[in-house]
Every structure is written in C-alpha cells, then in structure tokens.
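Engineer: coords please:
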Amino acid sequence: MTITGEIKSKVDKLWTTFWNNGISNPLSVIEQISYLLFIKRLDDLELLKEKKKARGLGERDNDPIFPEHKQRSRWSQFKNLSDAEEMLAIVRDEAFPFIKTLGTTGGGNAYTRHMKDAVFLIASPALLANVVTQIDSIPMEDRDTKGDLYEYMLSKLTTAGTNGQFRTPRHIIRMMVELMEPKAREIICDPACGTGGFLVAAAEYLQELEDSDGNKVLNAPGNREHFNKEMFHGFDFDGTMLRIGSMNLMLHGIEDPSIEARDSLSEDYADLKEAFTLILANPPFKGSVEKSTIAKDLTKVISTTKTELLFLPLFLRLLKNGGQAAVIVPDGVLFGSSKRMSEK
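Structural biologist: Residues are numbered from 1 along each chain as shown. A predicted model of the protein is given here:
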C-alpha cells in the first residue's frame, strides 16, 4: 500500500465524520463513500472527454454519461454549492437515483448492476457538504492511489468485524497469488468474493507482469481486453459485498469484471462446470446451509451441510482440466474431525 500518511489522515477524518454523525456501521460508511466516489468518477470521466474534445483530440460525444437534463447531478456542478440543503436535495433526489438507473437497462458496469437495493443514508445537509469537501480534497488522479485508498478504507473492516465480515490479510492473499503465478489469459474466479481482495491481488500481479523482453504482458494484443472484460469472476449473495467488491475492482483498473449475485453452493447454479483456470478463495467456513438448497452433485461427493466441506467439491467442479486453486480451509478439514474429506 503506497498512500501517504497525509492521505490516511484524511481518510481517518472522513471516517470519523460519519461516526460523529450517527453512521457508525463500517459497511454503511464504506457504502456511502462508495456512492460519492462513483458519482465523482463518472464526472471525472465526462470532464476528460470534454477536455479531449476541446483540444480537438476527441470525437463528438453522442452518448454522454450525463445528458443535458442531468447536468446538476455532476460532482463538479454541486460540489461548490454554498447551500447545503440544495446540495443534499440534488445528490439524494437526483444524482443517487441517476446512478441507480445506470445498471437497469442491461448496460452499466459491475457496480451499477448491483445498485437496485442501495440506500442513501446521509440525511444531514451539513454532513453531506462536509463529506463532499473532504473527498474532493483527496488526490485520486492515478489508479494506484484510488485503489490503495479504497483498500485502506476496507482494512477498517478487519478490526471492526461487523456482521462477521472479516477480511483475509493482504499479505496472505499476495502470497497465494504469487504461488499461483497467474498468466495473461487466465479465467479467475472467487466463488465467495466479498470485497474482491483476491481478484484485486491477481489484477495487481498481472498489471506488473513482464515478458522475457521486459514488456508488460497486458500490452500484448488482446490481453488488455481479456483482462478488463473476461478474466475476473466473483460470486456473493450479499448485496453490500457485491457493490463494495465491484467498486474495489473498478478503482484498481478493472473496467467490467463479472461480479454476480449467487449462492455458489446452491442447486440453482449447479450447471456451472469446468469454467475457470484459477480459483482463489477464502470462503465463509462456518455453520451449515439448508440441505434442500445444496447442489446435488456436491452432496454426492460428501453428504454434509457444512460449508467448509461443501466448498471443496465446488472448487473441483468449477475448474477446467489442468486448472489450479489456492484456497484457505480450516485446519479441521485436513487434520481434524473432517479429515475424511481429504482422504476422498
């Protein structure tokens, strides 16, 4: 993580601002910040296109992100408003509903497609004005800063542990990715992706990977497009995690990953087989699932309702021939009362 102490201090101050104004659930804080970051990102993209057009470097934009009647929803339009009440009305009643509709027409990206159940919790004009000013003061011009900044916010979930949402330590994730040495045409899946940490680490590894001549492998023909649209797949059934994970990937330079709402162990998705070359995962190994909902092919391998056992045959089913996996399992699966699974 490369962000400076100054930026960390700004993020900490932003976090404290939410807590002091009654929004104390860490997941809720990250979600509210994510909405505003996304609105800002859309405006940044629009401003970039407008600058290119002004310099004669860009074609006429026949499909702007913000149509004429939505110009008030742009970050650059509302951020300097002196009337906090007006700012809240615009963001809550115009900008936020606008980004929710972006994913309802079959278009949009992984983030907007999971916005259906999103809720804007900022009810105080003063809080919104304060937060907008703080976010606008954080430098986020390059991908590395944006990604590291978001990762720093997500690190607060590790200590908070709200709703059981603990994250795998980044150094463990990086070690697993480095052991797997992913290639430029991998098809990678995390079937319990949460905040997307494993997929992000694989992306960071590949963004730095060079061939024998010292050239970035992603610059080879077709590799960048595969990276942006076909390489990364994540599943989760928690809407908040789907949005946070999608935002995390987007801020790390992955344009349109496939992040889907699904219960990976369910019979509803039992037809997904031999689809991926690499699986990276730390699934939720606790408790049991309802037996009637479990995919029948999984219970044929082992008759159980325990997730720590069911995910193992799932990994095998999802992998292509010759595929590989790096996954975290409880020690009991290999060495304890559940050792029979390792002997199968």
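Engineer: can you pull the contacts of Ala123?
Structural biologist: Leu88 (Cβ atoms under 8 Å, 6 or more residues apart in numbering). C-beta: built from backbone N, CA, C; applies to glycine.
Engineer: and if we set it to 6 Å?
Structural biologist: Contacts for Ala123 (Cβ atoms under 6 Å, 6 or more residues apart in numbering) come out as none.
Engineer: Wait, a strand at it?
Structural biologist: No - checked against DSSP: H, G, I helix; E, B strand; the rest coil, Ala123 lies outside a strand; its state is coil.
Engineer: Now do the phi/psi pair for it.
Structural biologist: phi -110, psi -10 (degrees, to the nearest 10).
Engineer: before we move on, what about Ser258?
Structural biologist: According to degrees, to the nearest 10, Ser258 has phi -100, psi 90.
Engineer: So it sits against His233, correct?
Structural biologist: Yes - Ser258 is within contact range of His233, at 4.7 Å (criterion: Cβ atoms under 6 Å).
Engineer: who's more crowded, these two?
Structural biologist: Neighbour count, other Cβ atoms under 10 Å: between Ser258 and His233, His233 has more, with 21 against 15.
Engineer: Look up the closest residue to Asn109, ignoring the ones flanking it.
Structural biologist: Asp256 (5.1 Å; Cβ to Cβ, 6 or more residues apart in numbering).
Engineer: Surely the one you found touches Met231?
Structural biologist: No - contact criterion Cβ under 6 Å: Asp256 and Met231 do not qualify, at 10.5 Å.
Engineer: out of these two, which sits in the more crowded spot?
Structural biologist: Met231 (26 against 17).
Engineer: so what's the more buried one scoring on pLDDT?
Structural biologist: On pLDDT, Met231 comes in at 97.
Engineer: Can you give me every residue that contacts it?
Structural biologist: Ile188.
Engineer: Lys146 too?
Structural biologist: Met140, Leu251.
Engineer: Flag the shaky bits of the stretch 151-300 of the chain, pLDDT-wise.
Structural biologist: 158-167, 286-287 (pLDDT under 70).
Engineer: quick one, phi/psi of Asp236?
Structural biologist: phi -160, psi 160.
Engineer: Let me know whether it touches Leu242 as I believe.
Structural biologist: Yes - counting by Cβ under 6 Å, Asp236 sits close enough to Leu242 to count as a contact (5.4 Å).
Engineer: Trp15: neighbouring residues, count only.
Structural biologist: 19.
Engineer: Show me the contact partners of stretch 242-252.
Structural biologist: Contacts for stretch 242-252 (Cβ under 6 Å, 6+ apart): 30, 34, 110-111, 114, 146-147, 150, 193, 195-196, 199-200, 203, 234, 236, 257, 259, 261.
Engineer: What segments of the stretch 101-250 of the chain are helices?
Structural biologist: According to DSSP state H, counting those that start in this stretch, the stretch 101-250 of the chain carries its helices in the segments 125-136, 143-160, 170-180, 197-208, 223-229, 239-251.
Engineer: a markdown table for these, including distance to Pro283?
Structural biologist: Shown next, in a markdown table, are these (distance: least, Cβ to Cβ, whole Å):
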| stretch | distance to Pro283 |
| --- | --- |
| helix 125-136 | 33 |
| helix 143-160 | 17 |
| helix 170-180 | 14 |
| helix 197-208 | 11 |
| helix 223-229 | 25 |
| helix 239-251 | 13 |
